[in-house]
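Asks: Need coordinates for the following:
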Amino acid sequence: MARLLVLGGTSFVGRAVVRAAQAEGLEVATLNRGRTGTDVAGVVALRADRDDVRAMSQAVAGRTFDAVIDVSARAPRHVRIAVEALRHSVDRYGLVSSMSVYRGDVFEGSGPIHEGAPTVAGDPDDESAPALSRYAEQKRGCELAALRGFDDGAVTIVRPSFILGPYENMGRIPYWFDRAAAGGVMIGPGSADRSFPFVDVDDLASWLVRQTRSGTGGVYNAANSPSRDTWGDWLTAVVAATGGVAQVRWIDDGTLLAAGVAPNFGLPMWIPGGLPDLATDAIGSTGFHGRPLVDTVDAAREWRASGPAVTPPADRPPAITTATEQSILAAAARE
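Replies: From the prediction side, this is the model:
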């Protein structure tokens, strides 16, 4: 039986990767500290701290894997330590990176953004601890560390757009679902026709398992087809999934910025001006297909109704308060 190692594997993307691999009939091991999330039933649970190369080496000693998928690397040192610890255990490496690695001026263009677009500077030898303020640079450093650590063609790097689905742990689905369920008038950021780039967590996980095991390597954007979905589609689906008791009022970017709403965090996933689409020709050529947005929302609704709650990372800025939202809406109503 083919064996897959998942670095992480207890939360959101990692959990989805484990379940996708199990559905493919693979024997799955996870390696993590065992402090957050819960192990998926049926995995071989290995324990080690990613900052401790000796502990990681001991955890995998005597084991070999057909591939490893790294969903938890936040800093280049995490990847370097993994490469050293797994040097004799695996020769195919899949890394979940981010669209954030593209340089700022790339996002100011009209898109779509291709994989060869300029990226931020990253240092594979960076020794610093993960920091939200350096997220893009550290993710790029992770990519470079992986590419340096394995043979050409052995590394699959995926740069997803916003990832949505069950067990989402960045506070995106909880905020929008809770706000819509509360009813009344709610803020729709920007405009209804603005592109809403996302990828379903289960679609991403299934593809990543297959592509990493294929051994062909490469760098891939991951998102649904460019311009297929809009913010209007997203909030219409969320309102419907939460009882249809909320009404959306669209508030322009300038008003939100003037009110001190933090992009991406104050209203999760809102970016002033919107994001250019990610080019998906490369991932599409490998057989990737994204499900309809309403199906992702429906799966999230089922999870929210019966699954365990999850807590966003402690370093993630909070969403706006009800008082701030009502103040913005009241000001807009007076105009």
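
Asks: For this protein, which element, helix or strand, carries the lowest mean pLDDT?
Replies: helix 104-107 (a mean of 90; mean pLDDT, DSSP states H and E).

Asks: Just after that one, pick out the following helix or strand.
Replies: helix 135-149 (DSSP states H and E).

Asks: Return the distance of that next one from the chain's centre.
Replies: In terms of Cα atoms, centre = their mean, to the nearest Å, the centre of helix 135-149 is found 16 Å from the chain centre.

Asks: got the buried residues for that helix?
Replies: Under the neighbour-count criterion of 16 or more other Cβ atoms under 10 Å, helix 135-149 has 135-147, 149 buried. Using the backbone N, CA and C atoms, a C-beta is placed for each residue, glycine as well.

Asks: Can you tell me which of these is nearest residue 23?
Replies: For the buried residues of helix 135-149, the minimum distance to residue 23 (Cβ to Cβ) is 25.3 Å, reached by residue 146.

Asks: Tell me which residues touch that closest one, please.
Replies: 70, 79, 83, 93, 95, 155, 157 (Cβ atoms under 8 Å, 6 or more residues apart in numbering).

Asks: Next one: it from residue 249, what distance?
Replies: Distance, residue 146 to residue 249, by Cβ to Cβ, to the nearest Å: 44 Å.

Asks: if we can go back for a sec, quick one: which of the contacts of residue 146 sit in strands?
Replies: Members of the contacts of residue 146 lying in strands (criterion: DSSP state E): 70, 93, 95, 155, 157.

Asks: Let me have these in CSV, adding distance to residue 273, neighbour count and pLDDT as columns.
Replies: Output for those, formatted as CSV (distance: Cβ to Cβ, whole Å; neighbours: other Cβ atoms under 10 Å; pLDDT from 0 to 100):
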residue, distance to residue 273, neighbour count, pLDDT
70, 32, 27, 98
93, 35, 26, 96
95, 29, 27, 98
155, 33, 20, 96
157, 27, 22, 98
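
Asks: give me the number of residues near residue 334?
Replies: 6 (other Cβ atoms under 10 Å).

Asks: if we can go back for a sec, which strands or helices does the least confident helix or strand of the chain pack on?
Replies: Packed against helix 104-107 by the contact rule (3 or more Cβ pairs under 8 Å, 6 or more residues apart in numbering; DSSP states H and E) you find no helix or strand.

Asks: Please state the offset of it from the chain centre?
Replies: 19 Å.

Asks: list the buried ones in it?
Replies: By neighbour count with 16+ other Cβ under 10 Å, helix 104-107 contains the buried residues 106-107.

Asks: and if you look at stretch 30-37?
Replies: 30-32, 37.

Asks: Same check on stretch 17-30?
Replies: Neighbour counts using 16+ other Cβ under 10 Å place 17-22, 26-30 of stretch 17-30 among the buried residues.

Asks: contact partners of that stretch?
Replies: Applying Cβ under 8 Å, 6+ apart, the external contacts of stretch 17-30 come out as 1-10, 14, 39-40, 42-46, 63, 65-66, 69, 71, 202, 205-206, 208-210.

Asks: Pull out the buried residues from those.
Replies: Among those, the ones that count as buried by 16+ other Cβ under 10 Å are 3-10, 14, 40, 43, 45-46, 65-66, 69, 71, 202, 205-206, 208-210.

Asks: where in the stretch 1-150 of the chain is pLDDT low?
Replies: For the stretch 1-150 of the chain, residues meeting the criterion pLDDT under 70 lie at 1.

Asks: so residue 236, which of the three states?
Replies: helix (DSSP: H, G, I helix; E, B strand; the rest coil).

Asks: how much space is there between it and residue 245?
Replies: Relative to residue 245, residue 236 is positioned 14 Å away (Cβ to Cβ).

Asks: and the two? which has more neighbours close in?
Replies: Taking neighbours as other Cβ under 10 Å, residue 236 and residue 245 compare with residue 236 leading, 18 against 11.

Asks: Next, the contact list for the more buried one, please.
Replies: Residue 236 makes contacts with residue 248, as judged by Cβ under 8 Å, 6+ apart.

Asks: same question, residue 217
Replies: Per Cβ under 8 Å, 6+ apart, neighbours of residue 217: 152-156.

Asks: between those, which has the most around it?
Replies: Neighbour counts for these, by other Cβ under 10 Å, peak at residue 156, which reaches 27 neighbours.

Asks: residues in contact with that residue?
Replies: 92-95, 208, 211-212, 216-218, 220.
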